[in-house]
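Enquirer: next comes the sequence, and after it the predicted model I'd like to discuss.
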Amino acid sequence: MNCFCFPGAVGQILEGLGLPRQDDTPEFGFKAQLLLTDGTTDRTELDLKLGNLIFEAKLTESDFTSCSKSHLFHYRDFLSVFDADLLPSSGNDFEGYQLIRNVLAAAHHTASLFVLADQRRPDLLQEWWAVHAAIKEPGLRVRCGFRTWQQVAAASPSALAAFLYTKYGV
């Protein structure tokens, strides 16, 4: 996510990704404060919130984690946002926990969500599309998508693109 700290890169990257320009300052580790059924909020932290755009970045991590189904049913809007029967699961767990929380945050903040993943990791993209397919509301589904780190690198200023290639091979 450090590419969004590079001087002058934000507007160029957003334009290169086909996303609307945002004049806000990037907020890393934004507290989403998703509502729970007991009236409290959770501790979900977004990788990056930039205006009405939310980014979930995966470059070096192996997956989007899993979580017990019972835990996710504590999110107040879980069943209004998702068709739980369509979400990827394994036994008593839902797969793609980080993605599910990020979609809930996009719904809560009326934002758009973009997953940034390495195109060399089709497993991450498949997991994203499995979660995406379970989003009930068409308008929210349209506001949620993905871009690749390779697209970020191609849209970046040359010095940043060189850094991304040297460090990550993208």
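Expert: Right, received. Where do you want to start?
Enquirer: dihedrals phi and psi, the most centrally placed residue in the chain?
Expert: Centroid-nearest residue in the chain, with Cα atoms, centre = their mean: residue 56, separated by 2.9 Å. According to degrees, to the nearest 10, the main-chain angles of residue 56 amount to phi -110, psi 120.
Enquirer: you'd agree it is up against residue 116?
Expert: Yes. Using Cβ atoms under 8 Å, residue 56 is in contact with residue 116, at 7.0 Å. Every C-beta, even on glycine, is put in place using the N, C-alpha and C of the backbone.
Enquirer: residues contacting the residue nearest to the centre of the chain?
Expert: Residues in contact with residue 56 (Cβ atoms under 8 Å, 6 or more residues apart in numbering) are 46, 47, 64, 98, 99, 102, 113, 114, 115, 116.
Enquirer: the residues you listed in helices, which ones?
Expert: The helices, defined by DSSP state H, take in 98, 99, 102 from the contacts of residue 56.
Enquirer: what is the nearest of those to residue 108?
Expert: residue 102 (10.4 Å; Cβ to Cβ).
Enquirer: pLDDT wise, what is the closest one at?
Expert: Note on residue 102: pLDDT of 96.
Enquirer: now do the strands in this protein.
Expert: Ranges of strands in the chain, per DSSP state E, are 27-31, 45-50, 53-58, 66-68, 89-90, 93-95, 112-117, 144-148.
Enquirer: neighbouring strands of the third one in the sheet, and parallel or not?
Expert: What that stands for is strand 53-58. Strand pairing for strand 53-58, determined by DSSP bridges: strand 45-50 (antiparallel), strand 112-117 (parallel).
Enquirer: list the buried ones in stretch 74-93?
Expert: 75, 76, 78, 81, 82, 87, 88, 93 (16 or more other Cβ atoms under 10 Å).
Enquirer: roughly how far does residue 79 sit from residue 73?
Expert: 8 Å (Cβ to Cβ, to the nearest Å).
Enquirer: same question for residue 169.
Expert: 40 Å.
Enquirer: same question, residue 135
Expert: Distance of residue 135 to residue 73, given as Cβ to Cβ: 17 Å.
Enquirer: who has more neighbours, the two?
Expert: residue 135 (23 against 12; other Cβ atoms under 10 Å).
Enquirer: for that one, give me its contacts.
Expert: Contacts of residue 135 (Cβ under 8 Å, 6+ apart): 81, 82, 103, 141, 144.
Enquirer: which residue is the nearest non-sequential neighbour of the second one?
Expert: Using Cβ to Cβ, 6 or more residues apart in numbering and skipping residues adjacent in sequence, the residue nearest residue 82 is residue 134, 4.8 Å away.
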